[in-house]
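S.K.: give me a model of this one.
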Amino acid sequence: MNDHTKSLLLGAAVAAVLILPAAAGEDWATWPRKTFSANTLKVEDYVGTLVVSVNKGPGPITVDVAGTHERLSQVEIHGGGDSVRIEGSSDQSVWDWHQWFNFDMSRSKSDQLVVKVGVPKGTSIIVDDMVGKATIGDTYGPLKFEGSATVTKVGRVSTAKISLDGTGRIDVAAVGGPLDLDIAGSGKVNVGPTQSVKADIAGAGDTALGPIAGGLDVDIAGSGDISTPRVNGPVTVDIAGSGSVNIADGVANPLKVDIMGSGNFTFGGLAIDPKVSSFGSGSVKIKAYKGKMSSDGMASVEVGGEVSAAAARAQAQAEAAAERAQAQAEAAASRAVAAGERAAAHANAEASRAAVRANAEAARAAKAAARARAHRDDNGDDDDDNDH
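M.R.: Predicted structure coming up:
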């Protein structure tokens with residue numbers, strides 16, 4: 001047996017070891033290879049393992065499918081036009097919220113269904129609603145990937161639109177163009193060099209980015225984190241909560257930071273015309289800036305380790321305004337108390353005067369009554385005299 005034959009047998013044995021343990025005890029089956037003339041691969045509503053490799057030269061898209069009979073019955077493959085579509089038409093879809101409490105994960109393990117696809121370089125890859133494991137090679141084409149509870153590794157692509165819900169991890173080697181990233185939950189995404197990045201994190205997601213040749217636009221709602229070694233281009237950061245953005249170096253032209261809460265922003269490069277707005281206990285640290293800096297709210301901006309004059313003035317103005325508001329409130333309260341006391345005294349005085357007037361009227365009435373009685377008595381005496 002020559003060395004080449006030994007290598008082939010060894011490779012076959014390794015492949016069997018990788019596949020058979022998951023299928024041991026299962027009714028495992030393999031479909032015949034399907035071939036399509038297309039330039040786009042679409043995978044939808046898929047729970048399983050997906051492997052996309054890149055062919056060495058031009059050629060068709062090939063699809064190999066293996067799994068348990070139950071899982072194979074839930075897969076459909078269609079070819080038409082310029083695309084190949086793989087659908088996981090499970091009757092207990094994990095994406096149907098009506099099934100969440102009844103979903104049987106033991107019937108939908110990722111190693112119970114394996115789809116391997118060979119594509120030519122430059123193929124567009126679209127993966128919608130995936131749970132499980134995925135490996136995508138250096139396609140150098142556009143990528144759209146939406147997953148949940150996934151562990152995915154991607155090579156070099158031209159553009160990328162990535163969405164990760166819940167938990168999971170996605171690693172991308174490099175993106176030649178723009179990256180559009182959306183994380184909802186506590187997932188982790190690592191991406192190598194990119195041209196530009198637009199990132200939206202809701203929750204506790206964690207993102208590590210490589211150097212960004214163009215701009216960075218970040219929106220964090222929650223405690224998510226984003227870090228990158230360098231950004232050259234416009235930088236816009238919006239944090240609501242306790243999230244953080246760390247940029248080690250670069251030129252942010254211009255820089256705009258808006259923090260609501262206890263978020264943190266750190267930039268170790270040069271900011272052009274930085275504009276900072278902060279309400280809460282958040283912090284902003286900038287190594288250096290050029291042009292005009294503007295800050296409002298409660299922004300505390302440290303430049304080169306020192307609090308900037310603009311930030312200091314803004315903070316002093318905010319504290320003075322708070323003191324004036326407190327003093328005005330206390331003065332208003334004192335005036336209200338004094339006005340209340342004066343009103344009470346005035347009311348008491350009016351009551352006293354009314355009582356005095358009432359007593360005087362009563363006295364005058366008593367006197368008038370006495371005079372009337374005396375007059376009647378006098379008239380009675382006169383009548384008695386006349387009778388005598």
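S.K.: toward the C-terminus, what is the element adjacent to the helix or strand harbouring Ile77?
M.R.: Secondary structure from DSSP states H and E places Ile77 in strand 75-80. For strand 75-80, the following helix or strand on the C-terminal side (DSSP H and E) is strand 83-88.
S.K.: pull up the pairing partners for that next one, direction included.
M.R.: strand 40-54 (parallel), strand 75-80 (antiparallel) (DSSP bridges).
S.K.: report the buried residues of the helix or strand just after the longest one.
M.R.: Next helix or strand after strand 40-54 toward the C-terminus (DSSP H and E): strand 61-68. Neighbour counts over strand 61-68 (16 or more other C-beta atoms under 10 Å) mark 61-63, 65-68 as buried. Backbone N, C-alpha and C define where each C-beta goes, glycine included.
S.K.: got it, and stretch 131-140?
M.R.: Buried residues in stretch 131-140 (16+ other C-beta under 10 Å): 131-134, 136-137, 139.
S.K.: helices of the protein, start to end?
M.R.: Secondary structure of the chain by DSSP state H: the helices cover 3-23, 69-72, 309-387.
S.K.: rank the ones you listed by pLDDT, which is bottom?
M.R.: Of all these, the minimum mean pLDDT falls on helix 3-23 (a mean of 39).
S.K.: ok, Ala134 - contacts?
M.R.: By C-beta atoms under 8 Å, 6 or more residues apart in numbering, the residues touching Ala134 are 49-52, 127, 145, 147, 150-154.
S.K.: turn these into TSV, including pLDDT, distance to Gln74 and neighbour count.
M.R.: Shown next, in TSV, are the contacts of Ala134 (pLDDT from 0 to 100; distance: C-beta to C-beta, whole Å; neighbours: other C-beta atoms under 10 Å):
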residue	pLDDT	distance to Gln74	neighbour count
Thr49	96	14	22
Leu50	97	14	26
Val51	98	18	15
Val52	98	20	23
Val127	98	17	25
Phe145	98	21	23
Gly147	95	18	25
Thr150	94	18	24
Val151	96	21	16
Thr152	98	21	22
Lys153	98	25	15
Val154	98	25	26
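S.K.: low-confidence regions, the stretch 1-150 of the chain specifically.
M.R.: Applying pLDDT under 70 to the stretch 1-150 of the chain flags residues 1-26, 89-110.
S.K.: the same query, at a cut-off of 90, please.
M.R.: 1-27, 56-59, 80-81, 88-111 (pLDDT under 90).
S.K.: ok, the stretch 201-350 of the chain next?
M.R.: 278, 280-281, 295-301, 304-350.
S.K.: distance-wise, check Ala174 relative to Val52.
M.R.: Computed as C-beta to C-beta, to the nearest Å, the Ala174 to Val52 distance reads 16 Å.
S.K.: same check, this time on Val251
M.R.: 37 Å.
S.K.: Val131 touches Glu146, doesn't it?
M.R.: No. With contacts counted by C-beta atoms under 8 Å, Val131 stays clear of Glu146, the gap being 10.7 Å.
S.K.: closest to Val301 out of the strands paired with strand 83-88?
M.R.: Shortest separation from Val301 across these is recorded for strand 40-54, at 46.1 Å, computed as C-beta to C-beta.
S.K.: how about Ala221, what does it touch?
M.R.: Applying C-beta under 8 Å, 6+ apart, one finds that Ala221 lies in contact with 201-203, 240-241, 243.
S.K.: turn the residues you listed into TSV, columns for distance to Lys56 and neighbour count.
M.R.: Output for the contacts of Ala221, formatted as TSV (distance: C-beta to C-beta, whole Å; neighbours: other C-beta atoms under 10 Å):
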residue	distance to Lys56	neighbour count
Ile201	38	29
Ala202	41	17
Gly203	41	18
Ala240	48	16
Gly241	48	21
Gly243	43	28
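S.K.: having no further points to raise, I will conclude here.
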